[in-house]
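*Asks:* Pasting the sequence and the predicted model now:
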Amino acid sequence: MEKKENSFKEKALSIENLTFIAIVLGVVAGIYLKDIVIHLKLLGDAFLNLLKMITIPLIFASIFVSIASLSSIRDLKNLGLKAFSYYLSTTFLAVLTGLIVVNVVNFEPVSNVNVNESIEHKPFTIEALIKSFIPSNIFQSLADGKVLHIIIFSMLFALAVLTLEKTKKELITNFFDGVNDAMLTIAKWIINMSPIGVFALISYIVAEKGPDAILSLWEYVLVVIVGLFIHAFVNLSLIGFLIGKFNPYKYFLKVKEAVLIAFSTSSSSATLPVSLEVAEKKANIDKKTAGFLLPLGATINMDGTALYEAVAVMFVASTYGMELTLIEQIIVFFTASLAAIGAAGIPSAGLVTMTLVFSAVGIPLEGIALILVVDRFLDMLRTATNVWGDLIGAKLISRYINSSKD
Ligand code: ASP
């Protein structure tokens, strides 16, 4: 009896539940204890920095180890092809969901919004997207945290190591395998601090932005939330259930810490250490598969961002009194997908790449200022969706290459 009670207590006080409670308390404190929690920025930033601190070595080591320990290039092709098919199809599905919801709702033009807020006018172009894949100095990229560069380099490095003689190959692979494990151990320590870190992050954001901003753009906010909700809980869950043949609800319970951290940090990259830890330790996804798919997914698979960008463009267009034709919406469909792929896994990255979609359909870039006030809040939700999409993908693909143990 006592044992049962203890295990109930343990479960109730698990880090995941405490993190969830911290989010709720953070919102309440952000509203009612504004003057106090505004000073918690330092604590929140410290937590975020701890996560970021291990992200770069972790990305490098986990991508390297997964590829270097594959038995053949054919295995890599197999894994890569499955990953890209999943990423592309779910990104398209997300944008489509967003566009359908927008067309059903049909935004009324908003008149009391402020277009004069300053935004950075640095349009994101296809040229920039292509260049963003190729590093010229990998040490610079490592220092600047250019995740896509690091992924490309670690893939090439791993492929080269595959061609080396056995002793050299084992030496390098064992070394990075050790780095990977050590980083994951640090990740576990940081996760234990997440209730405090998350409380600081959330209460500060709520205190700084306040709920008023959300109310002023409630229709737009609601459409984004509904779209993200449908994609996360209907589309992705159905894909997991029907194609992956696993129970998405049970899976969610296992990996929810990563989704909560994504929500609290608004950064897929900073969430990566947590995603890897829960995928490997709680959901039993094979280390090689998770180590390859999750860093890649955190960087290029952004369903939430894609959906958000499509809705945002449609909303701003309606505010300018423009009604986008079917052809223009098809352009939005493709450019929003590209812009999401090009967005880095950091806060507000989607806002920058959105300029690509705006330019493609001729909406003034100033229009982005209209949605700035609510961006941080919606960023939390779209990042949570992004990470959930990566986790569903990792589970689903691991099933198809027979490495998931349950
Ligand atoms: N914050 C998002 C992420 O890290 C990217 C975005 O701004 O949409 O996944």
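*Replies:* Cool, the structure landed. Residues are numbered from 1 along each chain as shown.
*Asks:* ok, the residue of the stretch 251-400 of the chain found nearest the ligand - contacts?
*Replies:* Nearest residue of the stretch 251-400 of the chain to the ligand, counting by C-beta to the nearest ligand atom: residue 350, 2.8 Å away. C-beta: built from backbone N, CA, C; applies to glycine. By C-beta atoms under 8 Å, 6 or more residues apart in numbering, the contact list for residue 350 reads 302, 305, 308, 309, 339, 340, 343, 379, 382.
*Asks:* And the furthest pair within these?
*Replies:* The most widely separated members of the contacts of residue 350 are 339 and 379, with 14.5 Å between them, by C-beta to C-beta.
*Asks:* SS state for residue 71?
*Replies:* For residue 71, the secondary structure call by DSSP: H, G, I helix; E, B strand; the rest coil comes out as coil.
*Asks:* For it, what are phi and psi?
*Replies:* Torsion angles at residue 71 (phi, psi; degrees, to the nearest 10) stand at phi -80, psi -20.
*Asks:* Can you report how many residues lie near it?
*Replies:* Residue 71: 8 surrounding residues under other C-beta atoms under 10 Å.
*Asks:* okay, now whatever residue of the stretch 101-250 of the chain ends up closest to the ligand: neighbour count?
*Replies:* Residue of the stretch 101-250 of the chain nearest the ligand, by C-beta to the nearest ligand atom: residue 147 (10.2 Å). Counted with other C-beta under 10 Å, the neighbours of residue 147 add up to 25.
*Asks:* State whether it and residue 59 are indeed in contact, as I suppose.
*Replies:* Yes - counting by C-beta atoms under 8 Å, residue 147 touches residue 59, with 6.2 Å between them.
*Asks:* Need the overlap of contacts for those two.
*Replies:* With C-beta under 8 Å, 6+ apart, residue 147 and residue 59 have common neighbours 269, 295.
*Asks:* about what we covered before: please say which of residue 339 and residue 379 ends up with more neighbours.
*Replies:* residue 339 (30 against 25).
*Asks:* what sits against that one?
*Replies:* 124, 305, 306, 309, 350, 353, 354, 356, 357.
*Asks:* tell me the contacts of the second one?
*Replies:* Spelled out, that is residue 305. Contacts for residue 305 (C-beta under 8 Å, 6+ apart) come out as 339, 340, 343, 349, 350, 353, 382, 386.
*Asks:* Now the first one: closest residue in space that isn't a chain neighbour?
*Replies:* Leaving out its chain neighbours, the residue that sits closest to residue 339 by C-beta to C-beta, 6 or more residues apart in numbering is residue 353, at 4.0 Å.
*Asks:* element containing the one you found, please.
*Replies:* helix 349-360 (DSSP states H and E).
*Asks:* Give me the mean pLDDT for the helix or strand following that helix.
*Replies:* Beyond helix 349-360 on the C-terminal side, the first helix or strand identified by DSSP H and E is helix 372-400. What helix 372-400 shows for mean pLDDT is 93.
*Asks:* check whether helix 372-400 contacts the ligand.
*Replies:* Yes - with C-beta under 6 Å from any ligand atom as the measure, helix 372-400 is seen reaching the ligand through 379, 382, 383, 386.
*Asks:* how near is the last one to residue 13?
*Replies:* Distance from residue 386 to residue 13, counting by C-beta to C-beta, to the nearest Å: 29 Å.
*Asks:* Show me what whichever strand or helix holds residue 28 is packed against.
*Replies:* Secondary structure from DSSP H and E places residue 28 in helix 15-32. Contacts defined by 3 or more C-beta pairs under 8 Å, 6 or more residues apart in numbering; DSSP states H and E place helix 15-32 against helix 34-37, helix 194-216, helix 248-265.
*Asks:* Return that helix as PDB; C-alpha atoms alone will do.
*Replies:* In PDB, the C-alpha atoms belonging to helix 15-32 read as follows (Å, rounded to 0.1, in the frame of the first residue of the first chain):
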ATOM      1  CA  ILE A  15       9.700  16.500 -13.800                       C
ATOM      2  CA  GLU A  16       7.100  16.500 -16.600                       C
ATOM      3  CA  ASN A  17       4.200  17.300 -14.300                       C
ATOM      4  CA  LEU A  18       6.200  19.800 -12.400                       C
ATOM      5  CA  THR A  19       7.200  21.500 -15.700                       C
ATOM      6  CA  PHE A  20       3.500  21.700 -16.700                       C
ATOM      7  CA  ILE A  21       2.600  23.200 -13.300                       C
ATOM      8  CA  ALA A  22       5.500  25.700 -13.700                       C
ATOM      9  CA  ILE A  23       4.000  26.800 -17.000                       C
ATOM     10  CA  VAL A  24       0.600  27.400 -15.400                       C
ATOM     11  CA  LEU A  25       2.000  29.100 -12.400                       C
ATOM     12  CA  GLY A  26       4.300  31.200 -14.700                       C
ATOM     13  CA  VAL A  27       1.300  32.500 -16.600                       C
ATOM     14  CA  VAL A  28      -0.500  33.400 -13.300                       C
ATOM     15  CA  ALA A  29       2.600  35.000 -11.900                       C
ATOM     16  CA  GLY A  30       3.200  36.900 -15.100                       C
ATOM     17  CA  ILE A  31      -0.200  38.500 -14.900                       C
ATOM     18  CA  TYR A  32      -0.500  39.100 -11.100                       C
END
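*Asks:* Name the residues of it that come out as buried.
*Replies:* Under the neighbour-count criterion of 16 or more other C-beta atoms under 10 Å, helix 15-32 has 15, 16, 18, 19, 20, 22, 23, 26, 27, 29, 30 buried.
*Asks:* same question, stretch 178-194
*Replies:* Neighbour counts using 16+ other C-beta under 10 Å place 179, 180, 183, 184, 186, 187, 190, 191, 194 of stretch 178-194 among the buried residues.
*Asks:* follow-up on the earlier one: so what's the residue of the stretch 101-250 of the chain closest to the ligand up against?
*Replies:* 56, 59, 269, 295, 298, 299, 344, 345.
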